[in-house]
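Enquirer: here is the input, now give the coordinates:
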Amino acid sequence: MKKRMRPQNPLASLTYGLDAQAHPEEGKSLADTAFDRSAKNQQTNMINSCEMPAKHNGKKYSLENLKDMGFEFGDLTQRGEMIEAKLPPGWEKKATDHHMWSRIIDERGSERISIFVKYQFSFLEDAFFNIKPRFRIEEDFYQMEKLKKDEGIERYNVEHFTYATQYCVKDYVQSPDGRLVYRSKLIMGSSKNRNVMWKERDKAEKEAESECRSWLGQKLGLGESYDHKKHFLMFWDGNPIPALQSAL
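Expert: Model (predicted):
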């Protein structure tokens, strides 16, 4: 029997070891199919291992912040990109639909950490984690899409130099997609040219975001506007906050 040789081409090596009768997924080449399978396997291996990324995205926070949350750490691995980690009791790693992204959920099922791990073939190219706050302030894309569909109001129109924005506050306790608890006023405007439009829209976004931060700080009894950098580890006990129950 003729011995099957391992291909030298890195891309071709992705298909090495696949069943001889294997077929590519619909709309994909065999190499792309093999790459996706390999990436998904890498994600599964990470999920089932005791490892997680050792650095925070943007370096705002560190492993010390995770220790405050109950994590315990061992040795660094994979050139210092990953680290052995023991999660708090009841917490676990879960895969997402995207092979590069996973998450760590707590005992209530709330996402507390997002994890990014990117492999290029079998080489670890990048890895980091993000700490998720209970409350998140973001542009309300769902509402903006609804306004566009129902009333023709667009987030921006580069032909007519118009813009619109609206921010919201979401509570992520036991809610993967977040429970809406507050929505800012809708801010709309028009400008004389495209450059001015972008500047005015940026200003409108900051105004809408500031409104949400002020509202949330008041409802949480902080005595100041909510600040993600300062308050991101707070309020994760999962207890109901009466001031938020009838916010909408």
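Enquirer: who's in contact with the residue nearest in space to the middle of the chain?
Expert: Centroid-nearest residue in the chain: S114, 5.9 Å away (criterion: Cα atoms, centre = their mean). With contact set as Cβ atoms under 8 Å, 6 or more residues apart in numbering, S114 has these partners: 101-104, 129-130, 132. Any C-beta I mention is one placed from the backbone N, CA and C, and that applies to glycine too.
Enquirer: can you check G109 too?
Expert: Here G109 is in contact with 174, 176 (Cβ under 8 Å, 6+ apart).
Enquirer: would you list the phi and psi of it?
Expert: According to degrees, to the nearest 10, the main-chain angles of G109 amount to phi 90, psi 10.
Enquirer: picking that back up, following whatever helix or strand the residue nearest to the centre of the chain lives in, which helix or strand comes up?
Expert: Per DSSP states H and E, S114 falls inside strand 111-120. The element immediately downstream of strand 111-120 (helix or strand, assigned by DSSP H and E) is strand 123-131.
Enquirer: ok now stretch 54-70, how far from the chain's centre?
Expert: In this view, stretch 54-70 has its centroid 16 Å away from the chain centroid, taken as Cα atoms, centre = their mean, to the nearest Å.
Enquirer: mind listing what's buried along it?
Expert: Across stretch 54-70, burial judged by 16 or more other Cβ atoms under 10 Å covers 54-57, 61, 63, 66, 69.
Enquirer: of those residues, which belong to helices?
Expert: 63, 66 (DSSP state H).
Enquirer: between the buried residues of stretch 54-70, which is closest to D237?
Expert: Distance to D237, by Cβ to Cβ, is smallest for M69 among the buried residues of stretch 54-70, at 12.4 Å.
Enquirer: so how far is A54 from the closest one?
Expert: Relative to A54, M69 is positioned 15 Å away (Cβ to Cβ, to the nearest Å).
Enquirer: stretch 73-83: end-to-end distance?
Expert: 7 Å (Cα to Cα, to the nearest Å).
Enquirer: Y163 should be in a strand, yeah?
Expert: Yes. Assignment of Y163 by DSSP: H, G, I helix; E, B strand; the rest coil places it within a strand.
Enquirer: isn't it right next to E139, touching?
Expert: No. Look at Y163 against E139 with Cβ atoms under 8 Å: they stay out of range, at 12.0 Å.
Enquirer: so if we follow the domain assignment, how does this structure break up?
Expert: 24-131, 135-245 (automatic domain parsing).
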